[in-house]
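# Kindly generate the corresponding structure for this input.
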Amino acid sequence: MDERAAFKTIGHAIRHRFYVLIAILALFLIGAGVASVIRPPVYQGTAVLRVDERINASQGFDLALQAGELLSAHFIQSATSQPVLQRACSGPNLAKTPLPSLTCTATSLALRVSANTTRGGANWIAVSVTASSAADAAALADAVAYAMMDQNAADIDQLIAPTREYLQNELTRINTEIATVQANLAKVPPSPLTSPATTAEQTHLTLLQSEYGSTYDKLQALATEQQRLSGSLTLVQTASPPVKPIDPDPLRYLAIALVAGLCIGLAAVVLLDRFDDRLFETEALSQAAGTRLVIAVSHKDALTARAEPYALARANLLAQHPHMRKLLVVAASRRDLVRPIAAGLGLAGVKAGQKVLVVDADANTYVMQQQHGMNGSRMTIVSAPPDPDVRIANEAAGQEDDKYDLTIMSAPSPDRDSTAVSLARTVDLAIVVATAKTTRSSDVRRTAEALRLAGIQVVASIFATDAAKEAPAEPETPAKEVYEVAANQYRLPTWRGPTGS
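Numbers count the residues shown, from 1 in each chain. Below you'll find the predicted structure:
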């Protein structure tokens, strides 16, 4: 796993890229608001039908309940079937609605119809239809409900038709035989004695009449059963025009946008944090530079009275390296400025009563500055361009070694020029400077490795919590301290100030 992965947590990503999360969330919420305004309204009409389970009551409560649930499921499926939709869009069903001019097709209606059981139980079915107007939605919902009842009656009639046809044919046959027997009996002359043939005919007629009555009873029972089955689905509540549309729903849109924005925003910040190796915390700088000592400072406090972080950095360095006299401050990348950091460390030495020389090896002009403190402490800042003559910085440090307690040299990143590597033999220790939210961990690793290969011991790293451009243009002058400047001097180390002392 990448060594940066230890710091790539969701909390880290949210903390340092909170603006990305807020931006994505705001984008989703704005999109939801715009959609709720520009989308055309959609109304939903609902009609309620009841499934009569009493036809199965004789089978027992459990079986009747199961049969009723199956019957409800059948009706729910039939609500979106083509036969029902075609019946709903036909003239007779639409004519039952208050809008006789309303028209539809089974294909278009299929996309707008839904059916499900209500909270009242499995024997209550709600049929809903959406439309662009409230009246159309209610009218179409009623048309679908009527079509479901008509289709149920047609299905029952189709189911019973073979039995009914058989019974009707039996009645016709029996009636024909009865007529034949009665005709035969009418041909027999009246006689006090009944012949065996006549007796047989009369017995046959009696049987036929009994069979006719039984068959007729079956046909009547079948008609009754058909009527009862056809009434298993009834319309108990017609659809009323809805007061407000179901879509767009601003609250629902905003809730969905909030959840989606949070999910996508979290994913985005985690991915950005995973592939972005910029430094946001001191632990990440310590890991990249390979130093146990990491101190967070501010460019704003470099030359002001609020220099406690720099005093802390100096104290830590002296605690670990009490014989430190020459310190190299190196920028981790091209985007880091080290002169304020070096000046801040020098000011901390002045406050501690030391004589400090700060050599800025990343300057465009030759300038020397002096700042005197109490008890004879003094800080001299020498600006010397690194190119094309590095020896100026070396001479500035070498000629003043015996007059200064601490020499601090600042140099740009090794990937920019070779000043830091050239000063390797003249310094005791080195620290790497990185800027929060700007410097990349790969730059810090490359700079630290280059310094170690040059023979310089990298003992600490400084984490600048703000950019140098955020520091004040002119440093604040502490009380009871004198600030002197000399510019455009060729041999800067020989300058002793306006008094010549």
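# any idea where the strands of the stretch 51-200 of the chain begin and end?
Ranges of strands in the stretch 51-200 of the chain, per DSSP state E, counting those that start in this stretch, are 113-118, 121-131.
# can you pull the contacts of the residue lying closest to Ser81 once chain neighbours are set aside?
Closest residue to Ser81 apart from its sequence neighbours, by C-beta to C-beta, 6 or more residues apart in numbering: Gln151 at 7.7 Å. C-beta here means a position set from N, CA and C on the backbone, and glycine is covered the same way. Contact analysis of Gln151 by C-beta atoms under 8 Å, 6 or more residues apart in numbering lists Ser78, Ser81, Pro83, Val84, Arg87.
# how about a cut-off of 7 Å?
Ser78, Pro83, Val84, Arg87 (C-beta atoms under 7 Å, 6 or more residues apart in numbering).
# Next, give phi and psi for the spatially most central residue of the chain.
Most central in the chain under C-alpha atoms, centre = their mean is Cys263, positioned 1.9 Å from the mean C-alpha point. Phi and psi for Cys263, reported as degrees, to the nearest 10, are phi -60, psi -50.
# Check what pLDDT it gets.
Here, the pLDDT recorded for Cys263 equals 93.
# Could you measure from it over to Leu21?
Shown here: Cys263 relative to Leu21, a distance of 11 Å by C-beta to C-beta, to the nearest Å.
# right, so the strands of the stretch 51-200 of the chain: which one is the most enclosed?
strand 121-131 (a mean of 21; mean count of other C-beta atoms under 10 Å).
# List the strands paired with that one, with their directions.
According to DSSP bridges, strand 121-131 forms sheet pairs with strand 43-51 (antiparallel), strand 113-118 (antiparallel).
# List the contacts of that strand.
Taking C-beta under 7 Å, 6+ apart as the rule, strand 121-131 contacts 42-51, 53, 68-69, 72, 75-76, 79, 112-118, 137, 140-141, 144-145.
# Can you show me the strands along the stretch 351-500 of the chain?
Counting by DSSP E, counting those that start in this stretch, the strands of the stretch 351-500 of the chain are 355-360, 367-372, 378-383, 406-411, 429-435, 458-464, 482-487.
# got the ones you listed as CSV, with mean neighbour count columns?
Below are the strands of the stretch 351-500 of the chain laid out as CSV (neighbours: other C-beta atoms under 10 Å):
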stretch, mean neighbour count
strand 355-360, 26
strand 367-372, 20
strand 378-383, 25
strand 406-411, 28
strand 429-435, 26
strand 458-464, 24
strand 482-487, 13
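# Using CSV, please lay out those strands together with distance to Ser133 and mean pLDDT.
Shown next, in CSV, are the strands of the stretch 351-500 of the chain (distance: least, C-beta to C-beta, whole Å; pLDDT from 0 to 100):
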stretch, distance to Ser133, mean pLDDT
strand 355-360, 78, 85
strand 367-372, 81, 65
strand 378-383, 80, 77
strand 406-411, 76, 88
strand 429-435, 63, 92
strand 458-464, 65, 90
strand 482-487, 82, 36
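# Please tell me how far Met409 sits from Val356.
On the measure of C-beta to C-beta, Met409 and Val356 end up 12 Å apart.
# Please state the mean pLDDT value computed over the lengthiest helix in the chain.
Among the segments of the chain that qualify as a helix by DSSP state H, the longest is helix 134-187. Across helix 134-187, the average pLDDT comes to 91.
# Determine the angle, from 0 to 180 degrees, between it and strand 121-131.
Helix 134-187 runs at 120 degrees relative to strand 121-131, counting by axes from the mean of the first three to the mean of the last three C-alpha atoms, to 10 degrees.
# Distance from helix 134-187 to the middle of the chain?
60 Å (C-alpha atoms, centre = their mean, to the nearest Å).
# Please apply the same query to stretch 41-50.
Put simply, stretch 41-50 sits 33 Å off its chain's centre (C-alpha atoms, centre = their mean).
# Can you give me the buried ones in that stretch?
Going by neighbour count (16 or more other C-beta atoms under 10 Å), the buried part of stretch 41-50 is Val42, Tyr43, Gln44, Gly45, Thr46, Ala47, Val48, Leu49, Arg50.
# In this structure Gly290 contacts Arg446, no?
No: Gly290 is beyond contact range of Arg446, at 11.9 Å (criterion: C-beta atoms under 7 Å).
# Have a look at those two and say which one is more surrounded.
Arg446 (17 against 14; other C-beta atoms under 10 Å).
# about what we covered before: out of the strands of the stretch 351-500 of the chain, nearest to Leu102?
Across those, Leu102 has its closest neighbour in strand 429-435 (70.4 Å, C-beta to C-beta).
# Show residues contacting that closest one.
In contact with strand 429-435 (C-beta under 7 Å, 6+ apart) are residues 279, 285, 289, 321, 324, 327-332, 335-336, 338, 341, 444, 447-448, 451, 456-464, 467.
# what do you get if the cut-off is 8 Å, keeping everything else the same?
Contacts of strand 429-435 (C-beta under 8 Å, 6+ apart): 279, 285, 288-289, 291, 317, 321, 324, 326-333, 335-338, 341, 420, 443-444, 447-448, 451, 456-464, 466-468.
# Now do it and strand 406-411, the angle between them.
50 degrees.
# Could you export strand 429-435 as PDB, CA atoms only?
Extracted in PDB, the C-alpha atoms of strand 429-435 (Å, rounded to 0.1, in the frame of the first residue of the first chain):
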ATOM      1  CA  LEU A 429      22.300  20.200   9.500                       C
ATOM      2  CA  ALA A 430      19.400  20.800   7.200                       C
ATOM      3  CA  ILE A 431      15.600  21.200   7.500                       C
ATOM      4  CA  VAL A 432      13.000  20.900   4.700                       C
ATOM      5  CA  VAL A 433      10.300  23.500   4.400                       C
ATOM      6  CA  ALA A 434       6.900  22.600   2.900                       C
ATOM      7  CA  THR A 435       3.700  24.700   2.600                       C
END
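# For Val294, give me its contacts.
Listed by C-beta under 8 Å, 6+ apart, the contact partners of Val294 are Thr282, Glu283, Leu285, Ser286, Ala460, Ser461, Ile462, Phe463.
# What pLDDT is listed against the closest residue to His323 other than its chain neighbours?
Distances taken as C-beta to C-beta, 6+ apart place Asp428 nearest to His323, at 7.6 Å, with adjacent residues excluded. Looking at Asp428, its pLDDT reads 86.
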